[in-house]
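Chemist: fold the following for me, if possible:
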Amino acid sequence: MLPNVDYLVASSEFPSRWTQEPDPYRAAGHDSGRIRHARRRHDAGRRWRTGSRGWRFLYSPGFAVHCVDTTGAGDVFHGAFCYSVIESMPVREALEFSNAMAALNCTALGARGHIASLSEAQALMQSAGRRSNPAFEQRDSR
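Modeler: Numbers count the residues shown, from 1 in each chain. Predicted coordinates for the structure are as follows:
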């Protein structure tokens, strides 16, 4: 079924488990077909692999917010990412927006604690600090 997927949003462990390759970047290279891959990475941000002409990794660090509850953050990320695709956002912008929406949801209790507005997400993207992982930044092929 994977060759028929346009966007796969999965845990960061998925490619390694699927291919038995321990290095997640090499494992992602094993995926077949035309998969574009947004990979969740909790507070470390998101990584993206796109494959129209070779593979390119993009890293979008997570936003630093006062976290109250992470319940629903992944669901909000998925919904925001779907919105980004419908709005034809560039991949890097889609990741930034989806990260911002997920981070804002973590600032209140419950799965739907703080489903933010577009303007709230944009304000966070302009002003917030990041939780960055240098190992992922080195692999980003901007």
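Chemist: so where's this structure shaky on pLDDT?
Modeler: Counting by pLDDT under 70, the ranges of the chain that qualify are 1-3, 24-25, 28-57, 135-142.
Chemist: which residues in it form strands?
Modeler: Ranges of strands within the chain are 7-11, 36-40, 46-50, 56-60, 62-63, 130-131, based on DSSP state E.
Chemist: list the buried ones in the first one?
Modeler: Neighbour-count burial for strand 7-11, with 16 or more other Cβ atoms under 10 Å as criterion, is recorded at 7, 9. From N, CA and C alone the C-beta is placed, and that goes for glycine too.
Chemist: strand partners (parallel or antiparallel) of it?
Modeler: strand 36-40 (parallel) (DSSP bridges).
Chemist: so which residues of this structure form helices?
Modeler: 14-19, 24-29, 73-86, 91-105, 118-127, 134-139 (DSSP state H).
Chemist: verify the stated contact: residue 99 with residue 62.
Modeler: Yes: Residue 99 lies in contact with residue 62 (Cβ atoms under 8 Å); the separation is 5.8 Å.
Chemist: what is the neighbour count of the residue lying closest to residue 132 once chain neighbours are set aside?
Modeler: Excluding the flanking residues, the one nearest residue 132 by Cβ to Cβ, 6 or more residues apart in numbering is residue 61, at 4.1 Å. Number of residues near residue 61 (other Cβ atoms under 10 Å) recorded here: 21.
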